[in-house]
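K.L.:
Coordinates only, no sequence provided:
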């Protein structure tokens, strides 16, 4: 048995301990275990830096992906627009397009002094109102009906888009036969109820109604599908909360559907305004005349531009008309956007002022339909859980 080893002390305070005797006569020396040195890490070289070509590609690759779009836009959108503005300042004839005579604003001055220009502008506005307002109203009603569950709604959604897929030439020729004075089906139907035949292509208002009818028939289904997509994005909780509050279908439509469709309605109004300003095919094919009737009664700005450029060969004046149409579209779109923005701001201001007023009077704030639906759903869930626990306890 080995003798006891005295406690180790600091070598600075006590002399070194002599070696201990071994039972077999060999000395024993106490040594502290050596701590193994940590392994040395192999020297790693830094990752190679990408070359200048690779860095340039990473920087320019996003622009390379979108370059085709901007190339096509510059070639077929921006350049024709700027060149049309350049041509509108010269006198250019279709027979001699290389002979250009500087006129400055002379084409615009002659345009504003032409009575047929103001007639076509008035016709464009009238036909636009007669076609846009009923078209959007009917599209909104159709979308509201198709939004409910009914039999064959998939077929109906496809069927209302068929007029949009129909050729404008084919549709206009068919409606020209329907609005015929002597053998038209519409005059035949009017005669059954005692109304005299109407000359739809000669009268001012009647011809504009005929053109507007073609536009309404072609574009109502397209706008209805846009409204239907907007309605399907409205949360169902809003309708459920409105039904719990006792709101009828009409009240749900006016207080839930219409506010939710406001951005969609603004979009369709802007697109319909642009389309009405550029109306060309329907009035051209109704009677086959670029003058828009005997007395220009339904000649639009598009027909007037075509008549000046390819009827009278005045390309400079036609370019001026094109730029007037472009500026008119910009103004109308800006006015629509400004009205929609001011209306939304006014409603927000009224809502915040009404909330502050109710807080001051101590009546509290109204709970929106969505909050009511969530609260009612939570109460129903709590009742169900309580009933399940009671049954499990029994």
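P.N.:
Great, that's in hand. Note that the structure is predicted; figures quoted are calculated from it, not measured.

K.L.:
alpha carbons only for contacts and neighbour counts from here, please
P.N.:
OK.

K.L.:
quick one: the helices in the stretch 51-200 of the chain?
P.N.:
Remark: helices assigned in the stretch 51-200 of the chain by DSSP state H, counting those that start in this stretch are 52-73, 79-87, 106-112, 115-146, 153-159, 162-165, 168-178, 185-192.

K.L.:
ranking the ones you listed by burial, who's on top?
P.N.:
Among the helices of the stretch 51-200 of the chain, helix 115-146 has the highest mean neighbour count (mean count of other CA atoms under 10 Å), at a mean of 19.

K.L.:
This structure: strands as residue ranges?
P.N.:
20-21, 27-28, 90-91, 101-102 (DSSP state E).

K.L.:
Distance from the last one to the middle of the chain?
P.N.:
Meaning strand 101-102. Remark: strand 101-102 is offset 43 Å from the chain centroid, using CA atoms, centre = their mean, to the nearest Å.

K.L.:
how much space is there between the spatially most central residue of the chain and residue 273?
P.N.:
Centroid-nearest residue in the chain, with CA atoms, centre = their mean: residue 267, separated by 6.4 Å. Distance from residue 267 to residue 273, counting by CA to CA, to the nearest Å: 10 Å.

K.L.:
And for residue 128?
P.N.:
From residue 128 to residue 273 the distance is 7 Å (CA to CA).

K.L.:
before we move on, what about residue 307?
P.N.:
Distance from residue 307 to residue 273, by CA to CA: 22 Å.

K.L.:
What of residue 150?
P.N.:
For residue 150, the distance to residue 273 - CA to CA - is 33 Å.

K.L.:
which of these two has more neighbours?
P.N.:
Ranked by neighbour count (other CA atoms under 10 Å), residue 150 and residue 273 place residue 273 first, with 21 against 10.

K.L.:
Surely the more buried one touches residue 130?
P.N.:
No: checked against CA atoms under 8 Å, the pair residue 273 and residue 130 is beyond contact range at 11.6 Å.

K.L.:
and residue 84, what does it touch?
P.N.:
By CA atoms under 8 Å, 6 or more residues apart in numbering, the contact set of residue 84 is 319-320, 322-323.

K.L.:
swap that for residue 88, sorry
P.N.:
Residue 88 is in contact with 107, 315-320, counting by CA under 8 Å, 6+ apart.

K.L.:
and what of residue 172?
P.N.:
214, 282, 285-286.

K.L.:
can you tell me which helix in this structure is longest?
P.N.:
helix 315-361 (DSSP state H).

K.L.:
Which other helices and strands does that one contact?
P.N.:
helix 79-87, strand 90-91, helix 106-112, helix 262-277, helix 301-306 (3 or more CA pairs under 8 Å, 6 or more residues apart in numbering; DSSP states H and E).

K.L.:
between it and helix 79-87, what angle do the directions make?
P.N.:
120 degrees (axes from the mean of the first three to the mean of the last three CA atoms, to 10 degrees).

K.L.:
ok now helix 315-361, how far from the chain's centre?
P.N.:
With CA atoms, centre = their mean, you get 16 Å for helix 315-361.

K.L.:
Ok, stretch 178-190 next?
P.N.:
Counting by CA atoms, centre = their mean, stretch 178-190 is centred 40 Å from the centre of its parent chain.

K.L.:
which other residues reach that stretch?
P.N.:
With contact meaning CA under 8 Å, 6+ apart, stretch 178-190 is reached by 177, 196-201, 210.

K.L.:
same check, this time on stretch 89-101
P.N.:
So stretch 89-101 is in contact with 102-107, 309-310, 313-317, 320, going by CA under 8 Å, 6+ apart.
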